[in-house]
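# have a look at this prediction, sequence included:
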Amino acid sequence: MVETSQSDRPSQPPFATDELHRLRFAALDFETATEERGSACAIGVAVVERGQLVRSESFLVRPPRNQYSSYNTAVHGIEPHHTARAGEFPEVWRAAAEVIGDHPVVAHNVSFDLGVLRKSLDAYGSSCEVASVYCSLMLSRRVWPGLMSYSLPPLARWLGLEVRKHHDAREDAIACAELVRNMCAARAVDDLQVLAEALGFTAGSLGGGVWTPCGVPSAHASFTKLEPAGDLDPDHALHGRRIAFTGTLFAMTRMEAAQLVVNAGGQPTNTVSKLTDYLVFGEQDFSKFVDGAMSSKTRKAAELVRLGHPLEIISERDFLRMAAV
C-alpha cells in the first residue's frame, strides 16, 4: 500500500458535499461491553437526508447482566454504572430503529455492527428487518485505493474531517456519515445504491433471521484471482492447505476469508474433496453441526474422514485463530 500523509488529501471532488440533493441513508455504530458480539452497550445513529446530516442520536443499552470487560471499558469509557438504569437491547433498538426509519443503513465494517445487532437480538429471541445495508469500509477501499489505513479515524483525518471522540457511538456514526457523503461527492453520485453498484457491490440485508452481507459473491464464486497480500510464511498453519467453506460466515465475507487463506499460502475452495484439509463452518452453522445437523458438504466430509482422509471440520472461530498465527 502507498503511505499517505495529511498533505496527500484528495483534491476538490466533482461534487461539493452540499450538492448531494438525493442522498439519504442512516449511519449506524455499536459499542460492546465485552468481546461477545451480543453485549451491545451503546448505539449511535446519524441520519442523512437530502445530502445533509439532519439528526444524530446516542442510546445507552444495559448489556446482559450489565457485565463489562476492562478492555472494552478502556476503549469506549462506558462502565456498569452508566447503563445500570438503561433499557435492554430490544427496547433500545426499537427507539434507534425509529430514528433509522426506512433509510438504507451504512456502517464502517458492517460485518461487526450487523453481527452485534443480530447476536443482541438473538439473545432476547427478537428479530428485525433491514432492507438495504452497505459497508463504508469496503466502499472506501474502492473509492480511494492505495491508502495505508482505512480505519475510521485515520481515514477521516486524511479527508480533513473531525472525529471528536473515537468509540463514542454517536460520534463514530457521524464520522461514518461524513465519510459516505465525501465518497459520493468524489464519485459525483448522490444515491448510495448507485455508488455501491458502480464500485461492484450489492446491498446486504437482514430479515427472517438471515444476514446477507453486502458485496458477497455467490457461493460458487471463483477464488482464482486472489493474490497474497505479502510474503508467504512456509511455517504458517494454513500454508499449503486446502480449505473449504460452508454456511454463513459471521465475522467476514467468504471472499475475505478466502483472502486470509491465500495470504497464508493456502488454497480456498467452495467444494469438498479428498484433497481438502479443513472444512470451515460459520459459527451458527457449526453449532448446528455440533447438535447433529449435517449439510451435503458435511456428509461428504464425514464420509471422507470415514475412508481415512485427514480432513478436519472446524468452526469459523478456530479458522480465524489459525489464520492469525
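That came through, no problem.

# residues of stretch 68-75 that come out buried?
Buried residues in stretch 68-75, counted by 16 or more other C-beta atoms under 10 Å: 68, 72, 73. C-beta here means a position set from N, CA and C on the backbone, and glycine is covered the same way.

# with adjacent residues omitted, what lies nearest to the first one?
The reference is to residue 68. Nearest non-adjacent residue to residue 68, counting by C-beta to C-beta, 6 or more residues apart in numbering: residue 33, 4.5 Å away.

# can you report how many residues lie near that neighbour?
Residue 33 sits with 26 neighbouring residues when counted by other C-beta atoms under 10 Å.

# looks to me like residue 31 is in a helix.
No - using DSSP: H, G, I helix; E, B strand; the rest coil, the assignment for residue 31 is strand, not a helix.

# from residue 319, how far off is it?
To residue 319, residue 31 is 26 Å away according to C-beta to C-beta, to the nearest Å.

# where do the helices sit along this protein?
70-76, 80-83, 89-100, 110-123, 136-143, 152-158, 169-186, 192-198, 254-263, 283-290, 296-306, 316-323 (DSSP state H).

# mind exporting the C-alpha coordinates of the third one to PDB?
Taking Å, rounded to 0.1, in the frame of the first residue of the first chain, the C-alpha atoms of helix 89-100 are listed here in PDB:
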ATOM      1  CA  PHE A  89     -31.400  -4.300  23.800                       C
ATOM      2  CA  PRO A  90     -34.900  -4.900  22.300                       C
ATOM      3  CA  GLU A  91     -36.400  -1.900  23.900                       C
ATOM      4  CA  VAL A  92     -33.500   0.400  23.000                       C
ATOM      5  CA  TRP A  93     -33.200  -1.000  19.400                       C
ATOM      6  CA  ARG A  94     -36.900  -0.100  18.800                       C
ATOM      7  CA  ALA A  95     -36.100   3.500  19.600                       C
ATOM      8  CA  ALA A  96     -33.000   3.500  17.400                       C
ATOM      9  CA  ALA A  97     -34.900   1.800  14.600                       C
ATOM     10  CA  GLU A  98     -37.500   4.600  14.700                       C
ATOM     11  CA  VAL A  99     -34.700   7.100  14.000                       C
ATOM     12  CA  ILE A 100     -33.400   5.000  11.200                       C
END
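
# who's in contact with that helix?
With contacts defined as C-beta atoms under 8 Å, 6 or more residues apart in numbering, helix 89-100 is touched by 26, 28, 40, 43, 45, 47, 55, 57, 59-61, 63, 86-87, 117, 120-121, 123-124, 126, 128, 130.

# go again with 7 Å.
For helix 89-100, contacts defined as C-beta atoms under 7 Å, 6 or more residues apart in numbering pick out 26, 40, 43, 45, 47, 55, 57, 59, 61, 86, 120-121, 124, 126, 128.

# what does the last one give?
Contacts of helix 316-323 with the rest of the structure, by C-beta under 7 Å, 6+ apart, involve 237, 238, 249, 250, 251, 260, 264, 280, 281, 282, 283, 286.

# and the second one, what's its pLDDT?
Looking at residue 238, its pLDDT reads 92.

# same question, the last one
Residue 286 carries a pLDDT value of 63.

# give me the buried subset of the contacts of helix 89-100.
Burial by neighbour count, judged by 16+ other C-beta under 10 Å, picks out 26, 40, 43, 45, 47, 57, 59, 61, 86, 120, 121 from the contacts of helix 89-100.

# narrow those to those in strands?
Among those, DSSP state E puts 26, 40, 43, 45, 47, 57, 59 in strands.

# next, give me the two most distant ones among those.
Across these, the longest distance by C-beta to C-beta is 19.4 Å; it joins 40 and 47.

# pLDDT weak spots in the stretch 201-325 of the chain?
For the stretch 201-325 of the chain, residues meeting the criterion pLDDT under 70 lie at 215-222, 224, 283-295, 325.

# quick one: the strands in it?
Assigned by DSSP state E, counting those that start in this stretch, the stretch 201-325 of the chain shows strands spanning 204-207, 210-212, 242-246, 267-269, 278-281, 312-315.

# and the last one, what does it pack onto?
If I follow you right, that is strand 312-315. Applying 3 or more C-beta pairs under 7 Å, 6 or more residues apart in numbering; DSSP states H and E, we find strand 312-315 packed against strand 278-281, helix 283-290.

# center of the protein, which residue is that?
Using C-alpha atoms, centre = their mean, the residue of the chain that lies closest to the mean C-alpha position is residue 111, 1.9 Å off.
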